[in-house]
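Chemist: Got a predicted model here, sequence first, then my questions.
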Amino acid sequence: MPSTPIHDIELSYVDRGNGDPVVLVHGFPLDHRMWDAQIAAVARRYRAIAPDLPGFGRSGSRSNEAFTMEQFADDLAALLDARQVHTPVVMCGLSMGGYIALEFWKRHRSRLRGLVLCDTRADADSAAGAALRCQTADRVHREGPAVLIETMLPRLLTAATVAGRPEVVESLRGMMAGGDARGVAAASRGMAQRRDFTPLLAAIDCPTLVLVGGEDVISTPAEMAAIARDIPGARLVEIAGAGHLSPLEQPVAVSAALMQFLDGLPQ
């Protein structure tokens, strides 16, 4: 897996295919592998770029107390520069990746061709939610990212997947345990500090796809439908048989929805 210097770290990434670029941004506390099926699908007709965010997967980490969503968005812009991507991209992010995609729209609008928001939220954390993220960060820093598996994994997947698809569960466990403790903790603190995008959704002026697992208990279908209603012209697709990690649980359906969106974008 190649890497490139980005600001003060080495950032690892996948870069496959040719054509219009599509950036796939993973969720917390995962890495680019959650997009494996979509990378393969996109790369058949487009250029798929999927990084491991700083502190996750094979990328380096920083000593910051918090990695903000703004910093992550700027890291992605720097990665595009390093890969000599000068045409506008489609930015696709899940959960934390969705928070970063929204920040990319805010900070780098001229570099954006389209937006895909998967199983994510537009609002900021409540005070209680932010406090819980900081407590989680402290525990990860002390004990390592594997401590998240017991508490998070059952909420990320449907009960049917947890009970009957051990290969998906084991893949997810490996990703969750594989990050750098300091980096994962810093990302949790950064999510606690993220801005409320709800009042800004109506200003999003690029084609947007909103994807949600029909059984997502973290970013519920109702919440995602509200995001789609607030973004002018956004299209909502609900993925049956999926929870919060719809690309992992229902890769064929998610890839089909993503490709239909990409193929329909104006040239």
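Modeler: Sure thing, it's come through. Numbering: from 1, shown residues only.

Chemist: count of neighbours near the residue lying closest to R111 once chain neighbours are set aside?
Modeler: Spatial nearest neighbour of R111, excluding adjacent residues (Cβ to Cβ, 6 or more residues apart in numbering): P88 at 5.7 Å. Using the backbone N, CA and C atoms, a C-beta is placed for each residue, glycine as well. Residues within reach of P88, counting by other Cβ atoms under 10 Å, total 17.

Chemist: Show me where the stretch 51-200 of the chain has its helices.
Modeler: In the stretch 51-200 of the chain, the helices defined using DSSP state H, counting those that start in this stretch lie at 69-82, 96-107, 127-143, 148-156, 159-164, 166-177, 181-192.

Chemist: Could I get the buried residue list for the longest one?
Modeler: By neighbour count, with 16 or more other Cβ atoms under 10 Å as the criterion, the buried positions of helix 127-143 are A130, R133, C134, T136, A137, R139, V140, H141.

Chemist: Now do it against helix 181-192, angle only.
Modeler: Note on geometry: by axes from the mean of the first three to the mean of the last three Cα atoms, to 10 degrees, helix 127-143 and helix 181-192 are set 180 degrees apart in direction.

Chemist: Helix 127-143 packs against which elements?
Modeler: Using 3 or more Cβ pairs under 8 Å, 6 or more residues apart in numbering; DSSP states H and E, the elements in contact with helix 127-143 are helix 181-192.

Chemist: What of the last one?
Modeler: Secondary structure elements in contact with helix 181-192, counted by 3+ Cβ pairs under 8 Å, 6+ apart, are helix 69-82, helix 96-107, helix 127-143.

Chemist: Mean pLDDT added to those helices, as TSV?
Modeler: Output for the helices and strands packed on helix 181-192, formatted as TSV (pLDDT from 0 to 100):
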stretch	mean pLDDT
helix 69-82	97
helix 96-107	98
helix 127-143	95
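
Chemist: Compile the ones you listed into JSON lines and extend it with columns for distance to G213.
Modeler: Shown next, in JSON lines, are the helices and strands packed on helix 181-192 (distance: least, Cβ to Cβ, whole Å):
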{"stretch": "helix 69-82", "distance to G213": "22"}
{"stretch": "helix 96-107", "distance to G213": "13"}
{"stretch": "helix 127-143", "distance to G213": "20"}
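
Chemist: Figure out which of those helices is closest to D180.
Modeler: Distance to D180, taken as Cβ to Cβ, is lowest for helix 127-143 among the helices and strands packed on helix 181-192, at 9.8 Å.

Chemist: The closest one vs helix 148-156, what angle?
Modeler: 140 degrees.

Chemist: Does S219 touch L94 like I think?
Modeler: No: using Cβ atoms under 8 Å as the test, S219 is too far from L94 to be in contact (9.2 Å).

Chemist: Need the overlap of contacts for the two.
Modeler: D119, T120 (Cβ atoms under 8 Å, 6 or more residues apart in numbering).

Chemist: tell me the mean pLDDT for the helix or strand where V252 lies?
Modeler: Assigning secondary structure by DSSP states H and E places V252 in helix 251-263. Mean pLDDT, helix 251-263: 98.

Chemist: which other helices and strands contact it?
Modeler: Judged by 3+ Cβ pairs under 8 Å, 6+ apart, helix 251-263 is in contact with helix 36-43, strand 112-118, strand 208-213, strand 235-239, helix 246-249.

Chemist: how distant is it from the center of its chain?
Modeler: Between the centre of helix 251-263 and the centre of its chain there are 16 Å (Cα atoms, centre = their mean, to the nearest Å).

Chemist: Buried residues of that helix, list them for me.
Modeler: The neighbour-count check on helix 251-263 (16+ other Cβ under 10 Å) flags P251, A253, V254, S255, A257, L258, M259, F261, L262 as buried.
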